[in-house]
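*Asks:* from the sequence below, what's the structure:
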Amino acid sequence: MPTILLVEDDRSLRETLTYNLQKQEYAVEVAADGQAAVDIARRLGGTLSLMILDLMLPKMDGFEVCRTLRGEKFNMPILMLTARDDEIDRVVGLEIGADDYITKPFSMRELLARVKANLRREALHREDGTTTATPNEALTFGNLTIDLTRREVSLNDHPIAIKPKEYELLLYLARHRGQALSRERLLEQVWGWDFGGGTRTVDVHIRWLREKLEVSPENPIRFITVRGSGYRFEG
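*Replies:* Modelled structure (predicted):
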């Protein structure tokens, strides 16, 4: 049974979400503020399947909760709730490791669908990392190594700090080396067809990958822009 940590300071909404999530046979832990969320996540550890995280919280806001947990290598999907539909919120959230967004007010059907989709993608990624990768299996492109077992990336044998979605995007590009891939295809395959953001999300993540893995991000030789289409990975 997947365990979901629900972080929401509005008591009425928290109780409504808890009831509906439990009806779907999820185990639900709840927190009413950011610090409690971090404490509960640390207690649950690897048993935590997904977090539903409100942006505006007492003690520690959703951005800081997300930043803290990603810094501690928590890789579960984070679905962020926000009452604001500002693009800057989405970009900042993506930068610190959120996986998906839903803007208040939202329908319960939409939220449950997002939860299910994120859990499904996470299960597929875990299966990909455990059943198709033998111990120490890796993809190597010159001085760049993608460790499929550990889900880690290194450059010149030095580990690179990389966020979960950056890793997933890099891996998808690497497995389709030399192919021109549209932003829409990347968005669908890495984030899922029901992701609430737009194709600019892909551009932002490509920029971050270039900054981390290119010698000269302004003149990329690995992550090539294909005019009118999307991107191509050259290794």
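*Asks:* this structure: strands as residue ranges?
*Replies:* For the chain, the strands defined by DSSP state E cover 3-7, 27-31, 50-54, 78-82, 100-103, 138-141, 144-147, 152-155, 158-160, 181-182, 223-226, 230-233.
*Asks:* closest one to Leu119 among these?
*Replies:* When the strands of the chain are compared by Cβ to Cβ, strand 50-54 sits nearest Leu119, at 5.8 Å. Backbone N, C-alpha and C define where each C-beta goes, glycine included.
*Asks:* quick check: mean pLDDT of the closest one?
*Replies:* For strand 50-54, the mean per-residue pLDDT is 95.
*Asks:* tell me which other helices or strands that strand touches.
*Replies:* Identification of packing neighbours for strand 50-54 by 3 or more Cβ pairs under 8 Å, 6 or more residues apart in numbering; DSSP states H and E yields strand 3-7, helix 34-44, helix 62-71, strand 78-82, helix 108-131.
*Asks:* redo these as CSV? Include mean pLDDT.
*Replies:* Below are these laid out as CSV (pLDDT from 0 to 100):
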stretch, mean pLDDT
strand 3-7, 96
helix 34-44, 95
helix 62-71, 89
strand 78-82, 88
helix 108-131, 75
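*Asks:* tabulate those (CSV), appending mean neighbour count and distance to Ser216.
*Replies:* Converted to CSV, the helices and strands packed on strand 50-54 look like this (neighbours: other Cβ atoms under 10 Å; distance: least, Cβ to Cβ, whole Å):
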stretch, mean neighbour count, distance to Ser216
strand 3-7, 23, 40
helix 34-44, 18, 38
helix 62-71, 20, 27
strand 78-82, 23, 32
helix 108-131, 15, 31
